[in-house]
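Undergrad: return a 3D structure for these sequence lines:
(one chain, ligands or ions: 1)
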Amino acid sequence: MEAKLLEVRLHGIRYQARYIHSFEFRAVNGGELPAFTAGAHIDLHLPNGLIRSYSLANAPVERHRYVVGVNRDAKSRGGSAYVHDALKVGHVLQVSEPRNNFRLFEGAPHTVFIAGGIGVTPIRSMISRLEALGRSWELFYCARDRHSAAYLDELRAMGERVQTNLHFNFDQEPGGQLLDIAALVSRLNENTHVYCCGPLPMLAAFEKATAGLPQERVHVEYFNAKEQPAAEGGFQVELARTKRVIQVARGKTILDALLDAGIDVPYSCMEGVCASCETRVLGGVPDHRDLVLSKEEQAANDRMMVCCSGSKSERLVLDL
Ligand code: FES
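TA: Just a heads-up that it's a prediction; the model follows:
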């Protein structure tokens with residue numbers, strides 16, 4: 001089911017760090033926006049036709065605004081560069097309602113966050129929530145240098161007690177080094193929940209370090225795919241609602257085939273990380289390639305991300 005779109009106005013842009021700005025959106029009518037939980041993201045429907053997902057950085061208690069952090073990616077395919085260069089305060093655009101693939105477990109006795117660069121954005125919101133609940137947390141924040149680290153001023157402004165929870169690793173500053181994630185994880189208390197959001201090498205190190213932990217205590221969010229989308233083709237997709245059958249040819253993803261056939265399906269990242277294209281599976285066995293569903297959820301084979309996942313069976317039946 002496609003998420004409802006909201007009309008919002010860009011209310012403010014704030015410099016956060018080198019290449020990182022935060023963008024504050026408010027409802028055009030000035031009213032409250034749909035509630036969100038810490039770790040959620042929204043999709044910006046950009047005037048250039050692109051749809052891009054960005055994590056919310058502000059406190060979930062704030063109902064009057066959505067604040068996203070955007071890193072101007074040097075390899076931008078038109079998303080972050082457009083947001084930085086073309087969006088101006090006062091512009092009106094559409095955004096999706098918030099969705100959360102990176103949920104905060106609020107009952108943990110202690111929470112450890114590991115953030116790399118712009119990956120701190122959802123964690124910024126989580127910290128607000130844990131502070132409101134009076135929960136114990138620590139942040140290990142990695143960036144090239146302090147000028148590249150977003151939200152530093154805001155975190156420091158949260159007071160002296162919060163300062164003691166912050167640990168910085170500026171690996172390109174004199175004497176700096178990469179965070180030893182394995183050593184950090186090995187010191188965790190057995191009830192601690194641990195979260196990681198950052199670039200792929202950091203996430204790979206985190207997944208390796210936490211492989212032996214109970215997975216309900218381990219939380220990770222990807223911005224980019226780890227592997228190529230399934231485009232081997234050679235199977236059929238049956239649309240259960242219309243009984244239409246679509247052939248997925250070699251070199252095409254299911255999403256490509258659906259769009260080519262004029263089927264309107266929601267999508268955003270096209271990399272299996274945002275869940276915009278999540279679709280119920282009524283028959284057949286998907287070849288899951290996404291980074292949103294847990295291993296258990298993938299094994300259930302009752303839903304899939306059609307932008308990147310393929311099929312292990314000759315036919316998939318989708319609830320479309
Ligand atoms: S479009 Fe983002 S997961 Fe498919």
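Undergrad: now the helices: where do they sit in the protein?
TA: In the chain, the helices defined using DSSP state H lie at 80-86, 120-133, 152-156, 160-163, 181-186, 200-209, 254-260, 295-300.
Undergrad: using PDB, write down the CA coordinates of the fifth one.
TA: What that stands for is helix 181-186. Listed next in PDB are the C-alpha coordinates belonging to helix 181-186 (Å, rounded to 0.1, in the frame of the first residue of the first chain):
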ATOM      1  CA  ILE A 181      34.500  -1.900  16.900                       C
ATOM      2  CA  ALA A 182      35.300  -5.500  17.800                       C
ATOM      3  CA  ALA A 183      37.000  -4.400  21.000                       C
ATOM      4  CA  LEU A 184      34.100  -2.100  21.900                       C
ATOM      5  CA  VAL A 185      31.500  -4.900  21.300                       C
ATOM      6  CA  SER A 186      33.500  -7.400  23.300                       C
END
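Undergrad: so what touches that helix?
TA: With CB atoms under 8 Å, 6 or more residues apart in numbering as the test, helix 181-186 has contacts from Val112, Ile114, Phe140, Val194, Cys196, Met202, Ala205, Phe206, Lys208, Ala209, Thr210, Leu213. In this view, the C-beta of every residue, glycine as well, is placed from N, C-alpha and C.
Undergrad: can you count the residues close to the third one?
TA: What that stands for is Phe140. Using other CB atoms under 10 Å, Phe140 has 19 neighbouring residues.
Undergrad: what sits against it?
TA: Contacts for Phe140 (CB under 8 Å, 6+ apart) come out as Val112, Phe113, Ile114, Ala115, His167, Asn169, Leu179, Leu184.
Undergrad: top of those by neighbour count?
TA: The most crowded member of these, judged by other CB under 10 Å, is Ile114 (30 neighbours).
Undergrad: contacting residues around that residue?
TA: Ile114 makes contact with Phe140, Cys142, Leu179, Ile181, Leu184, Val194, Tyr195, Cys196, Cys197, Gly198, Met202, Phe206, according to CB under 8 Å, 6+ apart.
Undergrad: I'd like the residues you listed as CSV, with distance to the ligand and pLDDT appended.
TA: Listed next are these as CSV, based on distance: CB to the nearest ligand atom, whole Å; pLDDT from 0 to 100:
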residue, distance to the ligand, pLDDT
Phe140, 28, 97
Cys142, 25, 97
Leu179, 28, 96
Ile181, 26, 98
Leu184, 29, 97
Val194, 24, 98
Tyr195, 20, 98
Cys196, 19, 98
Cys197, 16, 96
Gly198, 19, 94
Met202, 21, 96
Phe206, 21, 97
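Undergrad: before we move on, the earlier item: state the pair within the contacts of Phe140 that is farthest apart.
TA: Using CB to CB, the pair of the contacts of Phe140 lying farthest apart is Val112 and Asn169, separated by 13.7 Å.
Undergrad: returning to what we had before: turn the contacts of Ile114 into TSV, including distance to His84.
TA: Shown next, in TSV, are these (distance: CB to CB, whole Å):
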residue	distance to His84
Phe140	27
Cys142	23
Leu179	28
Ile181	30
Leu184	33
Val194	32
Tyr195	27
Cys196	26
Cys197	21
Gly198	20
Met202	23
Phe206	28
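Undergrad: tally of neighbours for Arg26?
TA: Neighbour count of Arg26, defined by other CB under 10 Å: 18.
Undergrad: now for the helices of the chain, which one comes closest to Glu238?
TA: Among the helices of the chain, the nearest to Glu238 by CB to CB is helix 254-260 (11.7 Å).
Undergrad: hmm, who's touching that closest one?
TA: In this structure, residues lying in contact with helix 254-260 by CB under 8 Å, 6+ apart are 230-231, 237, 246-249, 252, 265, 267, 270, 277, 306-307, 309-311, 316, 320.
Undergrad: narrow the residues you listed to those in strands?
TA: Among these, the ones falling in strands (DSSP state E) are Val237, Ile246, Gln247, Val248, Gly310, Ser311, Leu316.
Undergrad: neighbour-wise, which one of these leads?
TA: That'd be Leu316 among those, by other CB under 10 Å, with 28 neighbours.
Undergrad: spit out the contact partners of it.
TA: Leu316 makes contact with Phe235, Gln236, Val237, Glu238, Ile254, Val281, Gly283, Gly284, Val285, Pro286, Met304, according to CB under 8 Å, 6+ apart.
Undergrad: and it, how close does it get to Ala231?
TA: 15 Å (CB to CB, to the nearest Å).
Undergrad: next one: Glu97
TA: Glu97 sits 30 Å away from Ala231, taking CB to CB as the criterion.
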